[in-house]
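In: build the 3D model from these lines:
(chains A and B, ligands or ions: 2)
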Amino acid sequence: MDDLVSVEAVSRRFPLDHSEVRALDDASLSVERGEFLAIAGPSGSGKSTLLNLMGCIDKPTSGRIVLDGEDTSKLSPARLSAFRREKIGFVFQTFNLIPVFTARENVEFPLLVQGVSADERRHRAMDALESVGIAARAQHRPDLLSGGERQRVAVARAIVHRPALVLADEPTANLDTHNATQLIDLMRELNLTLGLTFIFSTHDQRLLEHTPRIIRLCDGQVVEDMQHAEVVHG
Amino acid sequence: MAKFLLLAFRNIFRNRRRTLMTLLMVGGGVTGLLLAGGYFAFMTHGLREDTIRNGLGHLQIFTAEHFRRDEIRVLDTGIENWRQVAATVRTAPHVHGVAPRIEFYGMVSNGQKSSIFMGSAVDPDAERSLGFSTFLTAGKDLDGDQGSDVEALIGAGLAKSMNVKVGDGLTLFAVTSDGALNGVDVQIAGIVESGVAELDARYLRITLPSAQRLLQSDRITNLVVGLDDTANTDAVYNELIPRLSGLPQRMTVKKWIDLATYYKQVHNLFNGIFLFMGVIVFFMVLMSSVNTLLMAMFERTREIGTMLAMGTPRAWIILLLMAEATLLGVLGAAGGLAAGNLLGVLLNASGLHLPPPPGYTVSVPFRVLHVPAMMVSSSILVIVSLALASILPAVRASRLQIVEALAHV
Ligand SMILES: Nc1ncnc2c1ncn2[C@@H]1O[C@H](COP(=O)(O)OP(=O)(O)OP(=O)(O)O)[C@@H](O)[C@H]1O
Ligand SMILES: [Mg+2]
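Out: Numbering: from 1, shown residues only, chains lettered A, B, ... in the order given. Ligands and ions are numbered 1, 2, ... in the order given. Okay, the predicted model is just below:
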């Protein structure tokens, strides 16, 4: 009952021509508060589908997802929107920063939609940028930033409102190996220092070395749930 | 929220080329409306002042009886003590002058042939002091003080059918106020041409004393009041009503607009054309910007999906896109106003003339008036048009499926 995320027998099927695709097939798992979790698996295994469902931007065909004690299947679209606003931070594969906003304004965005005052927004956004080591670039627009820098800004945006859960679907897919490793290390550091829960997906094995828990998907099913004891305990 | 709407402002400058196209179209529409409307205003304003100056005056005073029944005898619904009425009128502010007139009918004869005429008796000095013009094609205007001689101006058509020229004599016959037939010999002082053939075939003008002698009456038909400025018409009208109510005879005051049928028709026509142009601009802006705005929204699908994923209320997305379009409308309207007014000033300074319209011999100057009401209405028109055009794209954006929108490339 102390789980932050509880995925209970969830399936997600998409109609395709006359049949259907089982993107996620009776998957169950639970995540505790403060975990750092990777979802691994080959292309088409259902990683994105699972993250979308946990991020409440998609609905399961069957089964249910309980998030922070709330049965998300029972929430109306407006409540779901508010729920995401408060509880979830997203990091996207393609960064998805708002191009006409500066780095700081982008990081402020989740606070903006929460109705936080301008002063506090600014303050907290700068703190977040600081924590991802990019405060010096606060006034730059995304097009002036490198890929690695953009994704750091995106991470700052995902954590600025201290969400219960940060979801990152292939956050390193558009980064080179060096930046990719750095990003995962950064997220891990934020996980340890701020106690934030991170779930990210990847199909790059090299990024999983420092990851304490890895869930492997194949054809929409959880095929492995592996805890590295030595990593967990540091 | 203010910060969120700052997005709208910045987004406008994202696709400069497309924004410029929209601004050009919106601004062009406003400029076009301003120039056309300004020209129409110039034309109607000119026609208005011409109409007033050609003898209509700003106000005309009749007895109330005049409009209630036809005359049984000549001038029996006329103004009795017109000098007293005129004096009362002159006490009102803005009154520039008062001119008495008699409208009457009769026969005109050259000894061999006779014809019906429509007579107008005036005080030439009063008419001149009000700036009322006669359109002489030959001879000279009536003299204010003619002694015992009786002069007349006659319409070109009537002169032709009577086969007379300036200096010739004619005899006028009319029924007096007692019902008797009376005649008077007149000498033709000048030939006038109004441009309306039907009128010129019947028109004849003599002085007030001559007409009163012919008709054996000291009454007049009406008083024509000229003001310092057409804009004061309503104010003076309201002043006159109580002042005239103290007189023994009940009076009716008519404003020039109620008597200027032709002006009203032209005015309505121009208003109609302007309205029609407005409708065209409205739909032009609407149609083309729906497309442009849909395109802009489509290009930003992933960004909108991102905002929605982060819990941005759908209403905010609608508001954002509508604010962007409205802002475009405001900028376009501002540009259009600036361009329209500047072009207007340049056009007016250039002294451009249009070729004479059919039926006219002189070319008309091309001028545009700067009419504030028109600037406001055409700006509102394009802004509303853009705001309406953005509803469909905005609602569509707000209904995007988040997962699909995020996968959009
Ligand atoms: N909207 C959709 N309509 C139809 N099929 C879909 C849809 N979304 C996903 N699928 C299918 O569901 C399966 C799982 O897709 P998903 O995107 O979750 O895989 P993934 O593990 O994220 O793959 P990748 O590593 O390529 O991102 C795939 O076979 C995919 O084709
Ligand atoms: Mg994926």
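In: centre-most residue in chain A?
Out: Nearest to the mean C-alpha position of chain A, counting by Cα atoms, centre = their mean, stands residue A:167 at 1.0 Å.
In: ok, the closest residue to that residue other than its chain neighbours - contacts?
Out: Closest residue to residue A:167 in three dimensions, ignoring its sequence neighbours and counting by Cβ to Cβ, 6 or more residues apart in numbering or on different chains: residue A:55, at 4.8 Å. Quick note: C-beta positions are derived from backbone N, CA and C, even for glycine. Applying Cβ atoms under 8 Å, 6 or more residues apart in numbering or on different chains to residue A:55 gives the contacts A:84, A:88, A:90, A:167, B:309.
In: switch the cut-off to 7 Å
Out: Neighbouring residues of residue A:55 by Cβ atoms under 7 Å, 6 or more residues apart in numbering or on different chains: A:84, A:88, A:90, A:167.
In: export these to CSV and tack on secondary structure, pLDDT and distance to residue A:191?
Out: CSV is the format used below for these (DSSP: H, G, I helix; E, B strand; the rest coil; pLDDT from 0 to 100; distance: Cβ to Cβ, whole Å):
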residue, secondary structure, pLDDT, distance to residue A:191
A:84, helix, 97, 20
A:88, strand, 98, 15
A:90, strand, 98, 16
A:167, strand, 98, 13
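In: can you redo the residues you listed as a markdown table with distance to residue B:287?
Out: Listed next are these as a markdown table, based on distance: Cβ to Cβ, whole Å:
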| residue | distance to residue B:287 |
| --- | --- |
| A:84 | 37 |
| A:88 | 41 |
| A:90 | 38 |
| A:167 | 42 |
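In: burial count for residue B:63?
Out: Residues within reach of residue B:63, counting by other Cβ atoms under 10 Å in any protein chain shown, total 22.
In: how close does it get to residue A:147?
Out: As judged by Cβ to Cβ, to the nearest Å, residue B:63 and residue A:147 stand 93 Å apart.
In: can you classify residue B:204 by secondary structure?
Out: Three-state call for residue B:204 (DSSP: H, G, I helix; E, B strand; the rest coil): strand.
In: give me the below-cutoff pLDDT ranges for the chain.
Out: I went with chain A, as the question did not name one. A:1, A:229-234 (pLDDT under 70).
In: chain B is the one I meant
Out: B:146-148, B:356-362.
In: ranges for the strands of it?
Out: B:59-63, B:95-109, B:114-122, B:136-139, B:151-155, B:169-175, B:181-192, B:203-207, B:222-227, B:251-255, B:353-354, B:364-365 (DSSP state E).
In: present the ones you listed as a markdown table; the columns should include distance to residue A:98.
Out: Output for the strands of chain B, formatted as a markdown table (distance: least, Cβ to Cβ, whole Å):
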| stretch | distance to residue A:98 |
| --- | --- |
| strand B:59-63 | 65 |
| strand B:95-109 | 67 |
| strand B:114-122 | 77 |
| strand B:136-139 | 76 |
| strand B:151-155 | 78 |
| strand B:169-175 | 89 |
| strand B:181-192 | 76 |
| strand B:203-207 | 77 |
| strand B:222-227 | 62 |
| strand B:251-255 | 61 |
| strand B:353-354 | 53 |
| strand B:364-365 | 54 |
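In: out of those strands, the one nearest residue B:409 is which?
Out: Relative to residue B:409, the nearest member of those by Cβ to Cβ is strand B:353-354, separated by 55.9 Å.
In: other SSEs contacting that closest one?
Out: strand B:364-365 (3 or more Cβ pairs under 7 Å, 6 or more residues apart in numbering or on different chains; DSSP states H and E).
In: and chain A, which residues reach ligand 1?
Out: Residues of chain A found near ligand 1 (Cβ under 6 Å from any ligand atom) are A:14, A:16, A:21, A:23, A:41, A:43-49, A:203.
In: could you work out the most separated pair of those residues?
Out: Among these, A:16 and A:203 lie farthest apart (Cβ to Cβ), at 22.3 Å.
In: so what's the residue count around residue B:207?
Out: Neighbours around residue B:207, by other Cβ under 10 Å: 22.
In: ok, now how distant is it from chain A?
Out: For residue B:207, the distance to chain A equals 80 Å [Cβ to the nearest Cβ, to the nearest Å].
In: residue contacts, residue B:76?
Out: residue B:177.
In: that older thread, which one of the contacts of residue A:55 is nearest ligand 1?
Out: Set against ligand 1, the nearest of the contacts of residue A:55 by Cβ to the nearest ligand atom is residue A:167 (12.6 Å).
In: can you lay out the residues of chain A next to ligand 1 as CSV showing secondary structure and neighbour count?
Out: Converted to CSV, the residues of chain A next to ligand 1 look like this (DSSP: H, G, I helix; E, B strand; the rest coil; neighbours: other Cβ atoms under 10 Å in any protein chain shown):
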residue, secondary structure, neighbour count
A:14, strand, 11
A:16, strand, 8
A:21, strand, 16
A:23, strand, 23
A:41, coil, 24
A:43, coil, 7
A:44, coil, 14
A:45, coil, 22
A:46, coil, 26
A:47, helix, 26
A:48, helix, 21
A:49, helix, 26
A:203, coil, 15
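In: reformat those residues as CSV; add distance to residue B:49.
Out: Shown next, in CSV, are the residues of chain A next to ligand 1 (distance: Cβ to Cβ, whole Å):
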residue, distance to residue B:49
A:14, 75
A:16, 77
A:21, 79
A:23, 79
A:41, 86
A:43, 81
A:44, 82
A:45, 85
A:46, 82
A:47, 81
A:48, 76
A:49, 78
A:203, 83
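In: just give the number of residues close to residue A:50.
Out: 30.
In: and the helix or strand hosting it, how far from the chain's centre?
Out: Take DSSP states H and E as the rule and residue A:50 turns out to sit in helix A:47-54. In terms of Cα atoms, centre = their mean, to the nearest Å, the centre of helix A:47-54 is found 10 Å from the chain centre.
In: how about stretch B:92-107?
Out: Per Cα atoms, centre = their mean, the centroid offset for stretch B:92-107 relative to its chain is 23 Å.
In: ok, now stretch B:92-110?
Out: For stretch B:92-110, the distance to the chain centre is 24 Å (Cα atoms, centre = their mean).
In: pull out the buried positions in it.
Out: B:92, B:94-102, B:104, B:106, B:108 (16 or more other Cβ atoms under 10 Å in any protein chain shown).
In: in the residues you listed, find the pair that's most separated.
Out: B:94 and B:108, at 38.9 Å, using Cβ to Cβ across those.
In: show me what contacts the closest residue to chain A within chain B?
Out: Closest to chain A within chain B is residue B:311: 2.7 Å, counting by Cβ to the nearest Cβ. Taking Cβ under 7 Å, 6+ apart, we find residue B:311 in contact with A:81-82, A:84-85, A:113.
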